[in-house]
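Enquirer: My questions are about this predicted structure, shown below with the sequence.
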Amino acid sequence: MKWLNKFFKGSNHKISEGQYHGVFADEDRVWDMPSGSLDGNAHSGNEDLDHAIALSLSEEEQRKANSRGMSWGSSQVDDDEELARALQESLDIGSPPRSNQSAIYPSSYGYPTGSKICAGCNNEIGYGRFLSCMGAVWHPQCFRCHACGEPISEHEFSMSGNDPYHKSCYKELYHPKCDVCNHFIPTNRAGLIEYRAHPFWGQRYCPSHEHDNTPRCCSCERMEPRNVQYISLDDGRKLCLECLDSSIMDTNECQPLYIEIRDFYEGMNMRISQQIPMLLVERQALNEAMQGEKEGSHHMPETRGLCLSEEQTVSTIARRPRIGGNRIIDMFTESRKLTRRCEVTAILILYGLPRLLTGSILAHELMHAWLRLNGFRTLSPDVEEGICQVLSHMWLESEVMAGSGSSSHGASTSSGISSSSSSKKGVRSQFEKKLGEFFMHQIAMDSSPAYGDGFRAGHAAMLQYGLKRTLDHIRITGNFP
């Protein structure tokens, strides 16, 4: 299964001491945003400065004329310092922060003469502080975050579209969170927000979770979120709660599904006359049976099913185990000696999988059995596994179509039996339908030569020539038409 790498980018804007000049930065890229510069206010700002100086000088002369005992005996330096302090108080100018690489700071601070209109409240901006950004001027209290509605007073802000945000508000709204740990996905060394995403479910997560032993569901492959506990099976597999809901845990519970799939084959004139035993087993028993099988076929990439042709004794699950806490307990197994009465001894299926996955594996292994019982003996792996995957995909398609209420179509539903297929509980949930689509997606996108390429070649032949003609051609030539 291929995993997707994704990159996410945000926006930053720099603020200079109440003066905001738009600079868009998506973590690694910077876009220049047309923004209000104070260069156009330089003339009016100089006039205001001259006016303020004249007022200060006039006030200073008046104070000196009315002051008694004052003489020019004072130091000229003291007069200069007092004048400087008076100018500072009248202008109330703060020192701008130091510039950095991505910030743009104006060379002066604007004090309008009443001709400017605030973009926030649409009122005139009189004498006093104002902000110039986003191609407009604002009262400081009118430049507000689009999310929380509070004034933006920090030296940096973010934008989405034409709306300004506090950086913290923007991050909460737009910075992606990991679906596993629920933390903000960190940036990589290049300053980009990089994450992984499941190609079907879209679950996105921090790249570190691929290496920190975060478990995946053995059925749907989704990672286990930190705030959810998957069920632990005896053989170390993990099962999510949604997949657990339709899981099949013992041999007796699987028999109705086995009968349904045999009926599915019979509906396509592919009746399996022999009564082939079907057993649900643990992973260890399945692996041991596979090692003892000379020509057995098994379901890949993980061994989930096996069509036996040799006589063996296997351990099967006789009773559905209970769930204690987040674990499977009270597993009851019994040994079963399998004797060979025909070309196929038995079909073994891994226990604990959802109904649709169990059924697709059964459909695959039953096709191996049908091929052996009907004289298809020396097929190449891509042809045999490919046509078995075609039947598995056809059964899944019939189940998904039945669950969606759509009418049957094509070779996969030509018998009309798909409408009789139903979930274990009688009603298929939206998740179970989605799960069926996922298993079909897995078959179609498999990258292995035998199962993936074989399925795509067999599926194309079946669509063009039909299933019967395709099987007849395989019988004669050993290849797909």
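Expert: Received the coordinates, thanks.
Enquirer: Assign Val137 to helix, strand or coil.
Expert: strand (DSSP: H, G, I helix; E, B strand; the rest coil).
Enquirer: Hmm, Cys118 and it touching each other?
Expert: Yes - at 6.5 Å, Val137 counts as touching Cys118 under the criterion of C-beta atoms under 8 Å. For glycine as for every other residue, the C-beta is placed from the backbone atoms N, C-alpha and C.
Enquirer: element containing Glu365?
Expert: Taking DSSP states H and E as the criterion, Glu365 maps to helix 355-373.
Enquirer: Who are the packing partners of the helix or strand just after that helix?
Expert: Per DSSP H and E, the first helix or strand lying C-terminal to helix 355-373 is helix 381-404. Counting contacts by 3 or more C-beta pairs under 8 Å, 6 or more residues apart in numbering; DSSP states H and E, helix 381-404 is packed against helix 251-267, strand 297-298, helix 355-373, helix 430-445, helix 454-465, helix 467-477.
Enquirer: Now do helix 381-404 against helix 467-477, angle only.
Expert: 170 degrees (axes from the mean of the first three to the mean of the last three C-alpha atoms, to 10 degrees).
Enquirer: What's the local residue count around Gly325?
Expert: For Gly325, the neighbour count with other C-beta atoms under 10 Å is 8.
Enquirer: and the gap between it and Ile231?
Expert: Per C-beta to C-beta, to the nearest Å, Gly325 is found 9 Å from Ile231.
Enquirer: list residues touching both of Val137 and Cys118?
Expert: In terms of C-beta atoms under 8 Å, 6 or more residues apart in numbering, Val137 and Cys118 are both contacted by the residues 125, 130.
Enquirer: So for these two, which sits in the more crowded spot?
Expert: Neighbour totals were compared for Val137 and Cys118, and Val137 leads with 23 against 20 (other C-beta under 10 Å).
Enquirer: the strands in the stretch 51-200 of the chain, which residues?
Expert: Assignment of strands within the stretch 51-200 of the chain using DSSP state E, counting those that start in this stretch yields the ranges 116-117, 124-125, 131-133, 136-138, 156-160, 163-165, 193-197.
Enquirer: List the buried residues of the fifth one.
Expert: Neighbour counts using 16 or more other C-beta atoms under 10 Å place 156-159 of strand 156-160 among the buried residues.
Enquirer: Can you get me a residue count around the residue nearest to His146 when sequence neighbours are not counted?
Expert: Of all residues not flanking His146 in the chain, Asp163 sits nearest, at 3.7 Å (C-beta to C-beta, 6 or more residues apart in numbering). If you count neighbours by other C-beta under 10 Å, Asp163 ends up with 13.
Enquirer: was I right about Asp163 contacting Phe143?
Expert: No - counting by C-beta under 8 Å, Phe143 is not a contact partner of Asp163; they are 11.6 Å apart.
Enquirer: So for Val344, which of the helices and strands packed on helix 381-404 sits nearest?
Expert: Val344 lies closest to helix 355-373 among those, at 4.5 Å (C-beta to C-beta).
Enquirer: Okay, and the beta partners of Leu348?
Expert: Leu279, Leu306 (DSSP bridges).
Enquirer: Equivalent analysis for Thr316, please.
Expert: Glu334.
Enquirer: any idea how far it is from Gln291?
Expert: 17 Å.
Enquirer: And those two? Which one has more around it.
Expert: Remark: of Thr316 and Gln291, Thr316 carries more neighbours, 21 against 8, as counted by other C-beta under 10 Å.
Enquirer: so who does the more buried one touch?
Expert: 251, 279-281, 285, 333-336.
Enquirer: So, low pLDDT: which residues of the protein?
Expert: 1-114, 292-301, 311, 319, 329-332, 336-342, 403-427 (pLDDT under 70).
Enquirer: hmm, 80 instead?
Expert: For the chain, applying pLDDT under 80 flags the ranges 1-115, 127-128, 155, 292-302, 309-343, 377, 403-428.
Enquirer: Between which two of the contacts of Thr316 is the distance greatest?
Expert: Farthest apart among the contacts of Thr316 by C-beta to C-beta are Leu280 and Ser335. That separation is 14.1 Å.
Enquirer: Give me the more crowded residue out of these two.
Expert: Neighbour count, other C-beta under 10 Å: between Leu280 and Ser335, Leu280 has more, with 27 against 10.
Enquirer: you'd agree the more buried one is up against Cys254?
Expert: Yes - between Leu280 and Cys254 there is a contact under C-beta under 8 Å: 5.4 Å.
Enquirer: Give the residues shared as contacts by the two.
Expert: Any residue near both Leu280 and Cys254 by C-beta under 8 Å, 6+ apart counts here, and that gives 248, 349.
Enquirer: All the helices of the stretch 201-350 of the chain, in order from the start?
Expert: 241-244, 251-267, 283-291 (DSSP state H, counting those that start in this stretch).
Enquirer: out of those helices, nearest to His393?
Expert: His393 lies closest to helix 251-267 among the helices of the stretch 201-350 of the chain, at 12.5 Å (C-beta to C-beta).
Enquirer: For that closest one, name the packing helices and strands.
Expert: Packing partners of helix 251-267 (3+ C-beta pairs under 8 Å, 6+ apart): strand 278-281, strand 312-319, helix 355-373, helix 381-404.
Enquirer: For the residue lying closest to Asn374 once chain neighbours are set aside, give me its contacts.
Expert: Of all residues not flanking Asn374 in the chain, Arg475 sits nearest, at 7.9 Å (C-beta to C-beta, 6+ apart). Shown in contact with Arg475 (C-beta under 8 Å, 6+ apart): 374-376.
Enquirer: re the thing from before, for my notes, please list the contacts of Thr316 in CSV and give distance to Gln430 for each entry.
Expert: Output for the contacts of Thr316, formatted as CSV (distance: C-beta to C-beta, whole Å):
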residue, distance to Gln430
Thr251, 29
Leu279, 32
Leu280, 27
Val281, 31
Ala285, 34
Thr333, 34
Glu334, 37
Ser335, 41
Arg336, 38
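Enquirer: ok, and the most crowded of those residues?
Expert: Leu280 (27 neighbours).
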